[in-house]
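S.K.: Here's a sequence, model it:
(one chain, ligands or ions: 3)
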Amino acid sequence: MRHAHTVEQVRAAEAELAGQPLMDRAVAGLAATCARVLIRRRGRVYGSRVLVLAGSGDNGGDALFAGARLARRGAAVTAVLLTPERAHPAALAALRATGSQVTSDQEVGLADFSRADLILDGIVGIGGSGPLRPAAEPYAHQPRRGVLVAVDLPSGVDADTGEVAGAALRADLTVTFGTHKPSLLIDPGAGYAGPVQLVEIGLRPPTAPVEALQHDEVAALLPRPAAESDKYKRGVVGLLAGSERYPGAGLLAVAGALHGGAGAVRYQGRAAEEAVRRHPEILLTAGRVQSLVVGPGSGEDTAESLDDALASQVPVLVDADGLTELARRGPRALAGRSAPTLLTPHAGEAARLLGGDASAEQVAAARLRHARELAARYGATVLLKGSTTVVARPDGTARVNSTGTAWLATAGSGDVLAGLIGALLAAGLPPFDAAPVGAYLHGLAGRLAAGSGAPITASDIAAALPAVWRDAAQGDRPQEGRPQGRRAGNVAGLGD
Ligand SMILES: NC(=O)C1=CN([C@@H]2O[C@H](COP(=O)(O)OP(=O)(O)OC[C@H]3O[C@@H](n4cnc5c(N)ncnc54)[C@H](O)[C@@H]3O)[C@@H](O)[C@H]2O)[C@@H](O)CC1
Ligand SMILES: Nc1ncnc2c1ncn2[C@@H]1O[C@H](COP(=O)(O)OP(=O)(O)O)[C@@H](O)[C@H]1O
Ligand SMILES: [K+]
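M.R.: Ligands and ions are numbered 1, 2, ... in the order given. Sure thing, here's the model as predicted:
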């Protein structure tokens, strides 16, 4: 499990360790990573050009101290102070003692930014607030050829949410201290961080409000048939999906559900004939189910299907057309439910569910905030899809997905996901497990299908599910780094 803590929690955990050399530990890890980057890039640290961008707080202090360590190994280090009168005194003295150049001339800084082999972004860390200050902003737009390492988190990114209010520095790699911050796991912030390396400094923060399942946790949660299982004991998922206008969505939901670990898939929609032709293993008769999926391509049947689903006593996943109908009815439509409800909107559907309080763009720019808001308003678990999938519960706890690729953004991909998660619900996983496990497998399937990068169809994603299930079931293989097609670029693999 990857855990992410808020700034407040990090500060409290730090206070408990007062007197311990936390900064030394952080700096040692940071400098070691920078040295590795330089050795991979240039074969050695000696003679490399390093630029340190130092703000006024301890984040700048970390960067200056790391710069001093690199200078002692022969790097040509220049430090640019963004607030010269408030630079970290001890760290500045340490860097000066190496004979390195220190300047507050931003013209020099910007020129070096373009030339340096390695840039340390120590402008601002967890003490940041609001958009980058004017002195720092030009660095966010300046071209460079070297590797940019963000200290703790990329400057300009809000640590607790991953929101980016204005410009931010786009890192190739982030070295973070003590614990992950939510912004390192959630876009758009995560997209600025690149691969993240965690340096342990001894912090013991409390329960994490945001976490990301990894292979081990997914392996432990995957439903497996027991010796005495039969198909009903394994769970039956009911699909209320597909209509005359959108038969394909029903078929794709079936394809996802068949690979989701339930014992049987009961299909109730207008694409029945085609569904059974393609998937002869499905059931078309009415009967007991342990979960229901309502909405993918339900078209003209949506209102009635939603009525049926919400009146049931089993976990219900509402997706696509079902969400549009639910948005019309509002949160009260879920008030009488005794079994759990899971909503799986993309940003546009989320905006609808919020009744016009946010646009799709605003939802995508503040995923954690809006997923939490929706979960609280509807009293349901919410899986918000998109570049980072976020699952939130009404109490605000959240899980974010660390697999996936932008190639998943293809028509019908969400229908496969809905069927898959529906089956996991039928197999007995609670929504806060079923949703992130489904997203994790779906993301891995997208990566597997896309390979080194190629357009994929939703059917390809479904077809890849058995292989990624087998892989995930083995556990112990953390899925680090950013998905295919992201700019891990010139330091691919350094986040390991
Ligand atoms: N808390 C901890 O447990 C540890 C913290 N360490 C480092 O300390 C950092 C936090 O240090 P601080 O609390 O001094 O805070 P920061 O250094 O993150 O930032 C505070 C300073 O940045 C300026 N600032 C705020 N918002 C800004 C913006 N948008 N643009 C430009 N400047 C801005 C403020 O004027 C303030 O003086 C961490 O990010 C990490 O790098 C590490 O040394 C190890 C341990
Ligand atoms: N930029 C992206 N990066 C990674 N995954 C994405 C991106 N955009 C969309 N996805 C994923 O692709 C799927 C698309 O689902 P959805 O929007 O419901 O599409 P559809 O309605 O066509 O099935 C979701 O799982 C979503 O998280
Ligand atoms: K930083």
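S.K.: For the stretch 101-250 of the chain, just list every one of the helices.
M.R.: Here the stretch 101-250 of the chain has its helices, by DSSP state H, counting those that start in this stretch, at 106-115, 137-141, 189-193, 215-221, 231-234, 247-258.
S.K.: Who are the packing partners of the fifth one?
M.R.: So that's helix 231-234. On a contact count with 3 or more C-beta pairs under 8 Å, 6 or more residues apart in numbering; DSSP states H and E, helix 231-234 meets strand 264-267. C-beta here means a position set from N, CA and C on the backbone, and glycine is covered the same way.
S.K.: Could you list the buried residues of the next helix or strand after the strand it packs on?
M.R.: Counting by DSSP states H and E, the next helix or strand C-terminal to strand 264-267 is helix 272-278. Using 16 or more other C-beta atoms under 10 Å as the test for burial, helix 272-278 gives A272, A275.
S.K.: Can I get the following helix or strand past helix 272-278 as CSV, trimmed to CA atoms?
M.R.: Next helix or strand after helix 272-278 toward the C-terminus (DSSP H and E): strand 291-294. Provided in CSV are the C-alpha atoms of strand 291-294 (Å, rounded to 0.1, in the frame of the first residue of the first chain):
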residue,chain,number,x,y,z
SER,A,291,-25.1,-7.2,-7.1
LEU,A,292,-26.6,-5.1,-9.9
VAL,A,293,-25.0,-2.8,-12.4
VAL,A,294,-27.3,-0.2,-13.9
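S.K.: who's in contact with A94?
M.R.: A94 is in contact with L64, F65, A68, counting by C-beta atoms under 8 Å, 6 or more residues apart in numbering.
S.K.: G356: what secondary structure?
M.R.: Put simply, G356 is coil when judged by DSSP: H, G, I helix; E, B strand; the rest coil.
S.K.: That one - how many residues pack around it?
M.R.: G356 is flanked by 8 other residues according to other C-beta atoms under 10 Å.
S.K.: Distance check, it against V276.
M.R.: Counting by C-beta to C-beta, to the nearest Å, the gap from G356 to V276 is 41 Å.
S.K.: could you dump the helices of the stretch 101-250 of the chain to JSON lines with mean neighbour count, mean pLDDT and distance to ligand 1?
M.R.: Formatted as JSON lines, the helices of the stretch 101-250 of the chain follow (neighbours: other C-beta atoms under 10 Å; pLDDT from 0 to 100; distance: least, C-beta to the nearest ligand atom, whole Å):
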{"stretch": "helix 106-115", "mean neighbour count": "17", "mean pLDDT": "98", "distance to ligand 1": "13"}
{"stretch": "helix 137-141", "mean neighbour count": "18", "mean pLDDT": "98", "distance to ligand 1": "8"}
{"stretch": "helix 189-193", "mean neighbour count": "25", "mean pLDDT": "98", "distance to ligand 1": "13"}
{"stretch": "helix 215-221", "mean neighbour count": "18", "mean pLDDT": "96", "distance to ligand 1": "26"}
{"stretch": "helix 231-234", "mean neighbour count": "15", "mean pLDDT": "92", "distance to ligand 1": "46"}
{"stretch": "helix 247-258", "mean neighbour count": "28", "mean pLDDT": "97", "distance to ligand 1": "41"}
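S.K.: among those helices, which is nearest ligand 3?
M.R.: helix 189-193 (10.0 Å; C-beta to the ion).
S.K.: how far does the closest one sit from the chain's center?
M.R.: Here the centre of mass of C-alpha atoms in helix 189-193, compared against the chain's by C-alpha atoms, centre = their mean, to the nearest Å, lies 10 Å away.
S.K.: Likewise for stretch 246-261?
M.R.: Stretch 246-261 sits 25 Å away from the centroid of its parent chain (C-alpha atoms, centre = their mean).
S.K.: now the helices of the stretch 101-250 of the chain as JSON lines including distance to A450?
M.R.: Listed next are the helices of the stretch 101-250 of the chain as JSON lines, based on distance: least, C-beta to C-beta, whole Å:
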{"stretch": "helix 106-115", "distance to A450": "34"}
{"stretch": "helix 137-141", "distance to A450": "30"}
{"stretch": "helix 189-193", "distance to A450": "18"}
{"stretch": "helix 215-221", "distance to A450": "19"}
{"stretch": "helix 231-234", "distance to A450": "30"}
{"stretch": "helix 247-258", "distance to A450": "17"}
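S.K.: Out of those helices, which gets nearest to L384?
M.R.: Nearest of those to L384, taken as C-beta to C-beta: helix 189-193 at 14.2 Å.
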